[in-house]
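**Student:** got a predicted model here, sequence first, then my questions.
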Amino acid sequence: MIRTLRLKGFRRYADETVSFGPGPNFVEGENNAGKTSILYAIEYALFGRVDGFKTMLSLVSPGARGLGVEMVFDARDGKTYRLQRAHLLPPRSRTKVVGHFTLKEVAEPERYVLSSDFQDHEEDLAQKLQELLGITRRLFQVAIHMRQGDVPRVLEGAPELDIVLGVTAAVVASEELRAQALEIEKEVAALPVLEESIRRLDEERTKVAERLASVEDDVARAQERAKELGRAVDGFAKADAARAPVVALQRTYVSAEDAVREASRAHRDQLERVGAAAGEGGRARCEAEVAASAERTRMLHEKRRELEARSTALEKERSELDLARGDLTGRIHRREPLHEGAQCESPRCEVCGAAIDRDRSARELDAWKQKLSEVDSRSKTALDALDALSQELRALASEERETAVEEAHRRARLSEIDASEEEAGRRKTTLERATDVRDANARDLRAALLELAKVTPIEFDTGDLGASLGQSLADLAATMAERRGRAEAERDGAAALAGRAESERASLGGRVAEIDRELAGLRAKTAALSDKAQKAERLRRLSEGFKELQTELRQRASVTLAADTFALHAKLSVGDDRPHEFARVIVDPAKYSVDVVPKHLEAEVPAALYEGGGHRLLLGLAFKLAIARIVGRVPFVLLDEPTYGLDTRHRATLLDRIADIGVADQILVITHETMGHVSGRRVRVSRDGSVSRVTEVVA
Amino acid sequence: MPDERPSALLAKTAALSSDPSLADAASRLFDFVQFLLDDEENVTPAGNLNGKAREKLRARVDELLDPVSLADDTGASAVASDE
């Protein structure tokens, strides 16, 4: 409810304040006094503009630098508010006005609610006023403010009612939502294709995953097989490693055995050579022959010594004989001349030189000669003996040489026998050593064979460690090599198979990852499109809901408006000199035009064409008030000259009935004629030159 | 007396009666469209929403049909978006 309205610089109002009360408030005055400006001021205060005025400058009092309106009203919340608006010309501006508003709660002290000075917006104020008064600009235009001369025309239809009833909102919402749904549905048209792509990819993924699982099994099996074969190959390698020392030992054994055989043969050969060297009779005979040769040599030596002793004695004898012969020969030669012719010289003793007689000398000479002859004989005998002895010595020497050669030969043979026997001894030692070595090798080999038999299936004769064992080892090596070769080939094959399977697995894994990425992308798109599809479906449902709402609102509004119009018309007609003449009032839900069914016609007649202006005015007023009622409990209704065209009697009656109908808590009625006696607050507007003034009329 | 407010009527429509949350969104949308239509600056001479208002409505639709914002929406953002 509006309590007061202050107009300053507003049209012809310099600064006037109008007070209003609950119920009907009548603003009366002559034409052009400024009555309607009060309603304009209310509209201006509420919305900051006035329908029909493009700029606020045209509402400014002539000569003023601005206008202002202050409206104090009671709101739905039970509180009182002061709404102030102003449009002022800034300094040096002639055409541009700047608007301000302030909404305060009237209290002690007053409290600011909204203000343009605090950067609040016009929309904020509109929202707040809708909250406080339940009024919007549309509502104000359609249901609250009934303009001068508009009342009868409303019977022809009130399409703007769609706006305040919400039908327009429902239509706009329905169409807008449908349009949005269509847009989205175009987008989601690809959804089935995406879903089919996802289905196909899912199928492909399942197949690839199954194949991948199979390949992974293959890989595992192949790798296990390769490992198993690798272990087998390692086993063969270990067997080879275990067999290698056995083979080496066996070869060593064979070599040792060969060495024994060779040593045995050499020993045997040497023994044969010893026997051959000893000849028939052997070494004993050879030694006997050597001994015999040595004995003969000794005997020959003794004989030589004997012969040489005889020879020496003979030589000594001969020498003595030669000396004796020389002595005798000398003596003879020296004495014999003394005995031949007249020699006077006396012979002399040979020893002492003393002269000896001749006879004696002759005797001696003879003796000497005799002796010389004897000496010669003996000398000849000695020479002969020496010659014989010399021959014998020469024979002996020859014999000695032969004996020495023979002995040397026999000794050489014996030495040869000794050397052979010594060699035979060495070879025997060699044989014994070789035998020892072979036996040691045999022990080692048997021990190694026993160890080898633990890891390798080998059969062998411990008694034959030579060729048979060698052949067995060779056969075993060949067998193992063949098996190892097969195992290695199988292992390589398994590894290659595992490699191929791994390659295929990697390829399949890559494909699965690729499919997953594609699926993720498609699912994201599908999810987004599904969301959009859901949104489109909800938009469709909302659109359908709003479409239903349109029909429902129109139907309900038309029925309610018809009933209210009929009832209000009946109220407004009470006491009239013509009773209520309509059987029914019908409101077209399509355009809100009013038809009536007069009692005397029993047919629908457009109300705008029915009877005279007074009837249409009354019916239009009833319809307008019905509109004000249907839009909700409005705080006030502004009626501008609703009785225009009525005579004084009917006008007073109608104004009086308007005051009673109770459409709103407050009704402001503008009328330009004196109303007579009506209940309600009355305000008179008068013109004082170019200025409008307001005075309260006390009934 | 039955509630004949548009929001109540919307909730009773065949299209929305089975989905209270959608009916609530419809009610909020209705209020918002009413709010837009109440301002002549949002309306073309033919009475339809102009492009700017349609954008606002579209934004509001997105906001309301977004399940996250729908749960705690108070309607205040509609006014804020018009600032």
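**Tutor:** Yep, it's here.
**Student:** confirm residue A:49 sits in a helix?
**Tutor:** No: under the criterion used here (DSSP: H, G, I helix; E, B strand; the rest coil), residue A:49 is coil, not part of a helix.
**Student:** from residue A:208, how far off is the spatially most central residue of chain A?
**Tutor:** The residue lying closest to the centre of chain A (C-alpha atoms, centre = their mean) is residue A:513, at 12.4 Å. Counting by C-beta to C-beta, to the nearest Å, the gap from residue A:513 to residue A:208 is 10 Å. Placement of C-beta: from N, CA and C, glycine included.
**Student:** ok, now residue A:108?
**Tutor:** 82 Å.
**Student:** more neighbours: the two, which one.
**Tutor:** Taking other C-beta atoms under 10 Å in any protein chain shown, residue A:108 and residue A:208 do not tie; residue A:208 has more neighbours (20 against 5).
**Student:** chain center to the helix or strand encompassing that one, what's the gap?
**Tutor:** For residue A:208, the host element (DSSP states H and E) is helix A:191-278. The chain centre lies 38 Å from the centre of helix A:191-278; the measure is C-alpha atoms, centre = their mean, to the nearest Å.
**Student:** name the helices or strands packed onto that helix?
**Tutor:** Applying 3 or more C-beta pairs under 8 Å, 6 or more residues apart in numbering or on different chains; DSSP states H and E, one finds that helix A:191-278 contacts helix A:282-335, helix A:358-455, helix A:467-573.
**Student:** in the chain, which ranges drop under the pLDDT threshold?
**Tutor:** Let's take chain A. Scanning chain A for pLDDT under 70 picks out the ranges A:341-344, A:574-580, A:611-613, A:673-678, A:698-699.
**Student:** not what I meant, chain B
**Tutor:** B:1-3, B:67-83.
**Student:** how about the helices in it?
**Tutor:** Counting by DSSP state H, chain B has these helices, from start to end: B:6-12, B:20-37, B:51-65, B:67-71, B:76-81.
**Student:** for the most centrally placed residue in chain B, give me its contacts.
**Tutor:** The C-alpha lying nearest the average C-alpha coordinate of chain B belongs to residue B:29 (C-alpha atoms, centre = their mean; 0.9 Å). Applying C-beta atoms under 8 Å, 6 or more residues apart in numbering or on different chains, we find residue B:29 in contact with A:173, A:177, A:542, B:57, B:60, B:61, B:64.
**Student:** nearest residue to the last one in space, please, no chain neighbours.
**Tutor:** Read it as residue B:64. Spatial nearest neighbour of residue B:64, chain neighbours left out: residue B:25 (4.4 Å); criterion: C-beta to C-beta, 6 or more residues apart in numbering or on different chains.
**Student:** would you mind getting the angle between the helix holding residue A:208 and helix A:358-455?
**Tutor:** 160 degrees (axes from the mean of the first three to the mean of the last three C-alpha atoms, to 10 degrees).
**Student:** would you say residue A:54 is within a helix?
**Tutor:** No: counting by three-state DSSP, one finds residue A:54 to be coil, located in no helix.
**Student:** now it: phi and psi?
**Tutor:** phi -70, psi -40 (degrees, to the nearest 10).
**Student:** residues near it, how many?
**Tutor:** 8.
**Student:** what does residue A:121 give?
**Tutor:** Burial of residue A:121 is recorded as 14 neighbouring residues (other C-beta under 10 Å).
**Student:** kindly provide the distance from residue A:651 to residue A:192.
**Tutor:** With C-beta to C-beta as the criterion, residue A:651 and residue A:192 are 72 Å apart.
**Student:** residue 48: what's it in contact with?
**Tutor:** Answering for chain A, as no chain was given. A:56, A:85, A:99, A:101, A:122, A:125.
**Student:** chain B was what I was after
**Tutor:** Contacts for residue B:48 were tallied using C-beta under 8 Å, 6+ apart; they are residue A:172.
**Student:** please apply the same query to residue A:403.
**Tutor:** Contacts of residue A:403 by C-beta under 8 Å, 6+ apart are A:293, A:296, A:297, A:300.
**Student:** out of those, which one sits closest to chain B?
**Tutor:** residue A:293 (141.4 Å; C-beta to the nearest C-beta).
**Student:** who in chain B is up against chain A?
**Tutor:** B:4, B:6, B:9-10, B:13-16, B:19, B:22-23, B:25-26, B:29-30, B:33-40, B:47-49, B:54, B:57-58, B:61, B:65, B:79, B:82-83 (C-beta under 8 Å from any C-beta of the partner chain).
**Student:** now with 7 Å?
**Tutor:** Within chain B, the positions adjacent to chain A are B:4, B:6, B:9-10, B:13-16, B:22, B:26, B:29-30, B:33-34, B:37-38, B:47-49, B:54, B:57-58, B:61, B:65, B:79, B:82-83 by C-beta under 7 Å from any C-beta of the partner chain.
**Student:** just the buried residues of those.
**Tutor:** B:6, B:9-10, B:13, B:15-16, B:22, B:26, B:29-30, B:33-34, B:37-38, B:48-49, B:54, B:57, B:61, B:65, B:82 (16 or more other C-beta atoms under 10 Å in any protein chain shown).
**Student:** hang on, the earlier thing: just the buried residues out of the contacts of residue A:48, in ChimeraX syntax.
**Tutor:** Selecting only the buried entries of the contacts of residue A:48 in ChimeraX, with 16+ other C-beta under 10 Å as the criterion:
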select /A:56,85,99,101,125
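**Student:** can you list the residues of the stretch 451-600 of chain A near chain B?
**Tutor:** A:535, A:538, A:541, A:542, A:544, A:545, A:546, A:548, A:549, A:552, A:553, A:556.
**Student:** contacts only, for the third one.
**Tutor:** Okay, so that is residue A:541. By C-beta atoms under 7 Å, 6 or more residues apart in numbering or on different chains, the residues touching residue A:541 are B:15, B:16, B:22.
**Student:** tell me the phi and psi of the first one?
**Tutor:** In this entry, residue B:15 is assigned phi and psi values of phi -70, psi -30 (degrees, to the nearest 10).
**Student:** could you do the second one as well?
**Tutor:** Phi and psi for residue B:16, reported as degrees, to the nearest 10, are phi -120, psi -10.
**Student:** that one touches residue A:545, doesn't it?
**Tutor:** Yes: contact status for residue B:16 versus residue A:545: in contact at 4.1 Å, counting by C-beta atoms under 7 Å.
**Student:** now for the two: what residues contact both?
**Tutor:** B:10, B:26.
**Student:** and the residues of the stretch 451-600 of chain A next to chain B, which of them are buried?
**Tutor:** A:535, A:538, A:541, A:542, A:544, A:545, A:546, A:548, A:549, A:552, A:553.
**Student:** can you redo the contacts of residue A:403 as a markdown table with neighbour count?
**Tutor:** Shown next, in a markdown table, are the contacts of residue A:403 (neighbours: other C-beta atoms under 10 Å in any protein chain shown):
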| residue | neighbour count |
| --- | --- |
| A:293 | 20 |
| A:296 | 18 |
| A:297 | 18 |
| A:300 | 19 |
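**Student:** so which of the residues you listed is the closest to residue A:640?
**Tutor:** residue A:293 (190.0 Å; C-beta to C-beta).
**Student:** neighbours of the closest residue to residue A:43 other than its chain neighbours, how many?
**Tutor:** Closest residue to residue A:43 apart from its sequence neighbours, by C-beta to C-beta, 6+ apart: residue A:50 at 5.1 Å. Using other C-beta under 10 Å, residue A:50 has 20 other residues around it.
**Student:** what's near enough to touch residue A:50?
**Tutor:** A:40, A:43, A:44, A:59.
**Student:** need the phi and psi values for it.
**Tutor:** phi -130, psi 130.
**Student:** ok, it to chain B distance?
**Tutor:** For residue A:50, the distance to chain B equals 13 Å [C-beta to the nearest C-beta, to the nearest Å].
**Student:** returning to what we had before: and the contacts of residue A:403, which is closest to residue A:629?
**Tutor:** residue A:293 (182.3 Å).
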